[in-house]
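Student: Next comes the sequence, and after it the predicted model I'd like to discuss.
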Amino acid sequence: MSSPDRSLDEPDPLERTVPNASEALEVIEAARESKWERPSFAAGLFLGRVDPSLIFPYAAQSAEDQKVGDAFLAKLEPVLRKEVDPDEVDRTGELPAAAIQALAGLGCFGMKIPAEYGGLGLSQVNYNRAMALVSSYCGSTAVWLSAHQSIGVPQPLKMFGTDEQKKKYLPRLAKGEVSAFALTEPDVGSDPAKMSTTATPVDGGSAYLISGQKLWCTNGPVADLLVVMARTPDRVIRGKPRKQITAFIVEGKSAGLTVEHRCQFMGIRAIQNGLLKFKDVRVPKENILWGVGRGLKLALMTLNTGRLTLPAACVGASRRCLKIVQEWSLQRVQWGGPIGHHEAVAEKIGRMAADQFALEALVWLTSAWADRGDMDIRIEAAVAKLFGSESVWNTVDQTLQIRGGRGYETAQSLRGRGEKGIPVERIFRDMRINRIIEGTSEVMHLFIAREALDPHLQLGFDVILPGVAPAKRMKAMVRAGLFYAGWYPMQWLPGFLSARPAGLPGELAGHWRSVVGLSHRLARTLFHQMVRHRQGLEKRQVLLNRLVDVGVELFAMSAALSRAAWMAGQGKPEAVELAGLFCEQAKVRILRNFKELYNPADRPGMRGARRFLEGAYPWLEEEMID
Ligand SMILES: Cc1cc2nc3c(=O)[nH]c(=O)nc-3n(C[C@H](O)[C@H](O)[C@H](O)COP(=O)(O)OP(=O)(O)OC[C@H]3O[C@@H](n4cnc5c(N)ncnc54)[C@H](O)[C@@H]3O)c2cc1C
């Protein structure tokens, strides 16, 4: 454990202004599906319990499923090439109707819808392979398809709909009717529990009138169907009024539903995204999904699986970047050699290639686990989303840097002066959104931290919470004492005592032992921080973020090792090199995070932020035009 900086024991100047854990985080807890055959592998990393049997052998796609995916991708690629000109789509801000029709004709709007309802019934792996392919070519098209079926009506309907609802809506959606997911509002983004759109029961509860506004609803302006989250009347539970959020399937052409504004963005410029206004939009009670009061839980559970597609899209865009970098770094000669041979460029390429290997390992593993359906993958999906969106951002930024001035120039302009129209500038703009949608990177950190701490909180709640009856507190103390007496000493065991998982090449055994040892260090450090900060730990976001980042890297290392072992068995021994490289790089970042757990610049930074927000440095904003 790093030596603590005593001054951090003073109350954080920002804490006073930040409310306690939001209702959304409490709902996250409620959004857990409690019964799983297999526990979460990533959660175990935070608890110092690394179970190799959960991750070895790599959950590779079956030959049969791969054949289905290969056949679909073989049809998808020519349609994309023929119907979608990504630079034109970007320039005009429109995906042509003919392209949408061609994609619908291929079944792209029903990729995840079961065949019995007219969809293609693709596995999550094949769906994500398709989305990676689309994303490598055109970001806007990828978002059209993903908003429709990763989070739009098909996903929650499949998960929570009644048979009648599925029979009624899934065939329409499979044929190409477009859907959207409406959660965000002008005043609520990351904290949707505070939403103000209401759904008021009328006619004795046989229908509801929805009123309010939904912002940034992707596909919303053109949607035939939307899943809309709205507040239904509070219920009194144990004497206290409890907020109820309910999910409704809403027809896009409903009276009272209007598109107030089509939003424009820096990238993914051809998506249809808007501010929607609901004015007494009448929805029959039969359109409630899953039940009154379960809407926020539904939204969060939809996102648990839905957010696996976003890192798959990042895989596609990163592949494209790597291809660009490989060609350009050898072709472009400056200062006497190809730029890729200069150390400063080579260092970037090494990071990009290693990150891509780890990202693929994470994405295809979590997708396969989602298909298997027996494992709690909420943390894994959040890690894949966080790692994918951050790593693609680094990759595309470095690709732009390596392309130099050409990276900043539009594809159209490059073509206009006779060069190849390599669209790094567009990919850069398209990829930036990934760190914001489907949970910002900051919120993903909070989510993972909350989940990582949960086993301790479950044990310790009644020990540390004020106002708990003495007998209950004593019982909780005994329970926690027994657990920690066995658990804590184990967290000091070095990683080298752990056995090499079957199939892992010998060259990678040391990295696996590092995963185990660092997981123990993470678990005991988290525990020390809990003891130290107690309820206050949730507000120590910077400290928690560093520990979350350690867990993220450890999961990425584990996935990379497992995938490399599998690939080596498939006649691709080079995967071992790349997994080794990623592990080396990840370990450096992990050790830095441990070392900087209490960074001496943290407290002055917080103080500086507060002073700045109070307006203490007005001259920082002088002599500028806004
Ligand atoms: C192109 C696009 C497409 C979208 N599509 C959809 C869609 O289809 N459906 C839909 O419902 N929504 C959609 N959204 C909304 C998107 O999900 C939100 O933008 C996102 O949830 C963040 O909300 P916000 O923008 O209001 O940011 P805010 O919640 O206001 O956050 C602003 C900043 O503060 C940080 N922050 C907030 N809370 C905390 C905290 N507790 N601790 C630390 N940091 C915090 C955030 O990380 C962020 O950096 C879309 C948005 C865009 C731009």
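Tutor: Received the coordinates, thanks.

Student: contacts, neighbours, all on C-alpha from now
Tutor: Noted.

Student: Tell me, what's the model's pLDDT at Pro4?
Tutor: At Pro4, the model reports a pLDDT of 39.

Student: which residues does the residue lying closest to Val259 once chain neighbours are set aside contact?
Tutor: Using Cα to Cα, 6 or more residues apart in numbering and skipping residues adjacent in sequence, the residue nearest Val259 is Leu276, 4.6 Å away. Residues near Leu276 by Cα atoms under 8 Å, 6 or more residues apart in numbering: Gln213, Lys214, Leu215, Cys217, Gly220, Pro221, Leu257, Thr258, Val259, Glu260, His261.

Student: repeat that for 6 Å
Tutor: Leu276 makes contacts with Gln213, Lys214, Thr258, Val259, Glu260, as judged by Cα atoms under 6 Å, 6 or more residues apart in numbering.

Student: Which strand or helix spans it?
Tutor: For Leu276, the host element (DSSP states H and E) is strand 273-284.

Student: One more: Ala230?
Tutor: Residue-wise, Ala230 maps onto strand 225-237 under DSSP H and E.

Student: same question, Ala180
Tutor: strand 179-182.

Student: what about that strand, near the ligand?
Tutor: Yes - with Cα under 6 Å from any ligand atom as the criterion, the ligand is reached by strand 179-182 at Phe181, Ala182.

Student: Sheet partners, orientation included, of that strand?
Tutor: If you go by DSSP bridges, strand 179-182 pairs up with strand 225-237 (parallel).

Student: ok, and for the strand it pairs with, which residues are buried?
Tutor: Neighbour counts over strand 225-237 (16 or more other Cα atoms under 10 Å) mark Leu225, Leu226, Val227, Val228, Met229, Ala230, Arg231, Thr232, Pro233 as buried.

Student: Chain neighbours aside, what residue packs nearest to the last one?
Tutor: Just to be clear, that refers to Pro233. Gln244 (6.4 Å).

Student: so is that neighbour in a helix, a strand, or just coil?
Tutor: strand (DSSP: H, G, I helix; E, B strand; the rest coil).

Student: right, and the helix or strand after the strand or helix carrying Ser389?
Tutor: Following DSSP H and E, one finds Ser389 within helix 378-403. Next along the chain after helix 378-403, taking DSSP H and E as the criterion, comes helix 405-408.

Student: Tell me the helices and strands packed up against that following helix.
Tutor: helix 424-431 (3 or more Cα pairs under 6 Å, 6 or more residues apart in numbering; DSSP states H and E).

Student: export the helix or strand just after the helix it packs on as CSV, just CAs?
Tutor: Using DSSP H and E, the helix or strand that follows helix 424-431 towards the C-terminus is helix 441-464. In CSV, the C-alpha atoms belonging to helix 441-464 read as follows (Å, rounded to 0.1, in the frame of the first residue of the first chain):
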residue,chain,number,x,y,z
SER,A,441,-16.1,7.0,-19.0
GLU,A,442,-16.5,8.7,-15.6
VAL,A,443,-19.8,6.9,-15.0
MET,A,444,-18.3,3.6,-16.1
HIS,A,445,-15.6,4.1,-13.5
LEU,A,446,-18.3,4.7,-10.9
PHE,A,447,-20.3,1.7,-12.0
ILE,A,448,-17.3,-0.6,-11.9
ALA,A,449,-16.2,0.8,-8.5
ARG,A,450,-19.6,0.3,-7.0
GLU,A,451,-19.7,-3.3,-8.3
ALA,A,452,-16.2,-4.0,-7.1
LEU,A,453,-16.9,-2.8,-3.6
ASP,A,454,-20.2,-4.6,-3.4
PRO,A,455,-19.0,-7.8,-1.7
HIS,A,456,-17.5,-5.6,1.1
LEU,A,457,-20.5,-3.4,1.3
GLN,A,458,-22.8,-6.4,1.6
LEU,A,459,-20.7,-7.6,4.6
GLY,A,460,-20.0,-4.3,6.1
PHE,A,461,-23.2,-2.2,5.7
ASP,A,462,-24.6,-3.0,9.1
VAL,A,463,-21.2,-2.6,10.7
ILE,A,464,-20.5,0.9,9.5
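
Student: Run the angle between helix 441-464 and helix 378-403 for me.
Tutor: Using axes from the mean of the first three to the mean of the last three Cα atoms, to 10 degrees, the direction of helix 441-464 lies 150 degrees away from that of helix 378-403.

Student: Any buried residues in helix 441-464, and which?
Tutor: Applying 16+ other Cα under 10 Å to helix 441-464 flags 441, 443-454, 456-457, 459-464 as buried.

Student: what's next to that helix, contact-wise?
Tutor: So helix 441-464 is contacted by Ala43, Phe46, Leu386, Arg435, Arg473, Ala476, Met477, Ala480, Asn545 (Cα under 6 Å, 6+ apart).

Student: What average pLDDT does that helix get?
Tutor: The model assigns helix 441-464 a mean pLDDT of 85.

Student: and what of stretch 211-228?
Tutor: pLDDT averaged over stretch 211-228 gives 98.

Student: how about the CA coordinates for it, as PDB?
Tutor: C-alpha atoms of stretch 211-228 as PDB (Å, rounded to 0.1, in the frame of the first residue of the first chain):
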ATOM      1  CA  SER A 211     -45.600  14.300 -21.300                       C
ATOM      2  CA  GLY A 212     -42.100  15.600 -21.300                       C
ATOM      3  CA  GLN A 213     -38.900  15.900 -23.400                       C
ATOM      4  CA  LYS A 214     -36.300  13.400 -24.500                       C
ATOM      5  CA  LEU A 215     -33.000  14.600 -25.700                       C
ATOM      6  CA  TRP A 216     -30.400  13.200 -28.100                       C
ATOM      7  CA  CYS A 217     -32.600  10.200 -29.000                       C
ATOM      8  CA  THR A 218     -30.700   8.400 -31.700                       C
ATOM      9  CA  ASN A 219     -33.100   7.300 -34.500                       C
ATOM     10  CA  GLY A 220     -35.800   9.200 -32.600                       C
ATOM     11  CA  PRO A 221     -36.700  11.600 -35.400                       C
ATOM     12  CA  VAL A 222     -37.400   8.700 -37.800                       C
ATOM     13  CA  ALA A 223     -38.400   5.900 -35.400                       C
ATOM     14  CA  ASP A 224     -41.400   3.800 -36.000                       C
ATOM     15  CA  LEU A 225     -41.200   2.500 -32.400                       C
ATOM     16  CA  LEU A 226     -39.500   3.900 -29.300                       C
ATOM     17  CA  VAL A 227     -38.900   2.500 -25.900                       C
ATOM     18  CA  VAL A 228     -39.600   5.500 -23.600                       C
END
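
Student: can you give me how far it is from the chain middle?
Tutor: Taking Cα atoms, centre = their mean, to the nearest Å, the mean C-alpha location of stretch 211-228 is offset from the chain mean by 21 Å.

Student: can you list contacts of that stretch?
Tutor: 153, 177-182, 184-186, 197-198, 247-252, 259, 272-280.

Student: Is that stretch positioned near the ligand?
Tutor: Yes - on the criterion Cα under 6 Å from any ligand atom, stretch 211-228 is in touch with the ligand at Trp216, Cys217, Thr218.
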